[in-house]
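In: sequence and predicted structure below; questions after.
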Amino acid sequence: MKQFTLLSLCLGLTLSLIPASASAQAPAQPGASTQPKRTIGLIDMAFLFKEYKKFGDLREQLRNDIKASDEQAKAMGEQLQALQRQLKDGTYKEGSPEYQQLESKLIAQGTQFEAYRKTQQRDFLRRESKIYKDIYMEVVEAVGQYASYYNYDVIVRFSRDNVEETDNAQELIQNMNRQVVWHNNGIDITDAVLKYLNQRYTPVAANPAAGANPTK
């Protein structure tokens, strides 16, 4: 009788522990899985720069200014050549006051020409660097707005160029060394960001409403 009672007691204790063990291994509550989905987006910066109207306009303006500067430099060069011919044509005797005056003028204009050429070259390089920097920062800001609005965690730079589109060995090697080997086209945000930038740049949308976000 005591053995039966002891066995029953042990069995009862064992069964009483089962609900506790089961509850300890139960899955987490549904509310614990509501974390935001982490996503990765891709953007072709080279394509975006190429198609961004503001970048094209700024570069066109720079090209026009360089062309005007080249024409000015050409005119200055022609004046120098005219002075050189005048020195050599025998109009003035070498060593004469007229000759020395003309020679001094040639040296002065030559120095001015070299200073102008170097100054213009330096200024144009600085302007070109500023264009790239300003556009890059503007693009990064737009990408950041887009990514924040659509809850992207990371935006990776990539190239849309396909390996099969070229037979050039160097380009093939570059394409095959790309970090992104395959991607879902749905995570390429290049067109959306480009559209937003171009719309914002046009006179009609020059001053977008506060808090506006790129449209997908």
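Out: Nice, thanks for sending it over. Numbers count the residues shown, from 1 in each chain.

In: contacting residues around stretch 126-138?
Out: With Cβ atoms under 8 Å, 6 or more residues apart in numbering as the contact definition, stretch 126-138 has outside contacts at Phe49, Tyr52, Lys54, Phe55, Leu58, Arg59, Leu62, Asp65, Leu197. Every C-beta, even on glycine, is put in place using the N, C-alpha and C of the backbone.

In: CA atoms of it as CSV?
Out: What follows is stretch 126-138 as a C-alpha-only set of coordinates in CSV (Å, rounded to 0.1, in the frame of the first residue of the first chain):
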residue,chain,number,x,y,z
ARG,A,126,38.8,74.2,-59.2
ARG,A,127,35.4,74.9,-60.7
GLU,A,128,35.2,71.4,-62.1
SER,A,129,36.1,69.9,-58.8
LYS,A,130,33.4,72.0,-57.1
ILE,A,131,30.8,70.9,-59.6
TYR,A,132,31.5,67.2,-58.9
LYS,A,133,31.6,67.8,-55.1
ASP,A,134,28.4,69.8,-55.0
ILE,A,135,26.5,67.4,-57.2
TYR,A,136,27.8,64.4,-55.3
MET,A,137,26.6,66.0,-52.0
GLU,A,138,23.3,66.8,-53.5
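
In: list the buried residues in that stretch.
Out: By 16 or more other Cβ atoms under 10 Å, the buried positions in stretch 126-138 come out as Arg127, Ile131, Ile135, Glu138.

In: same question for stretch 88-95.
Out: Quick answer for stretch 88-95 (16+ other Cβ under 10 Å): Tyr92.

In: could you point out which element follows the biggest helix by length in the chain?
Out: Looking across the chain with DSSP state H, the single longest helix is helix 97-149. Counting by DSSP states H and E, the element after helix 97-149 in chain order, helix or strand, is strand 154-157.

In: returning to what we had before: would you turn the contacts of stretch 126-138 into JSON lines with pLDDT and distance to Arg122?
Out: Below are the contacts of stretch 126-138 laid out as JSON lines (pLDDT from 0 to 100; distance: Cβ to Cβ, whole Å):
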{"residue": "Phe49", "pLDDT": "95", "distance to Arg122": "24"}
{"residue": "Tyr52", "pLDDT": "96", "distance to Arg122": "26"}
{"residue": "Lys54", "pLDDT": "95", "distance to Arg122": "24"}
{"residue": "Phe55", "pLDDT": "95", "distance to Arg122": "22"}
{"residue": "Leu58", "pLDDT": "94", "distance to Arg122": "18"}
{"residue": "Arg59", "pLDDT": "95", "distance to Arg122": "18"}
{"residue": "Leu62", "pLDDT": "96", "distance to Arg122": "14"}
{"residue": "Asp65", "pLDDT": "96", "distance to Arg122": "14"}
{"residue": "Leu197", "pLDDT": "95", "distance to Arg122": "30"}
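
In: please pick the buried ones from these.
Out: Phe49, Tyr52, Lys54, Phe55, Leu58, Arg59, Leu197.
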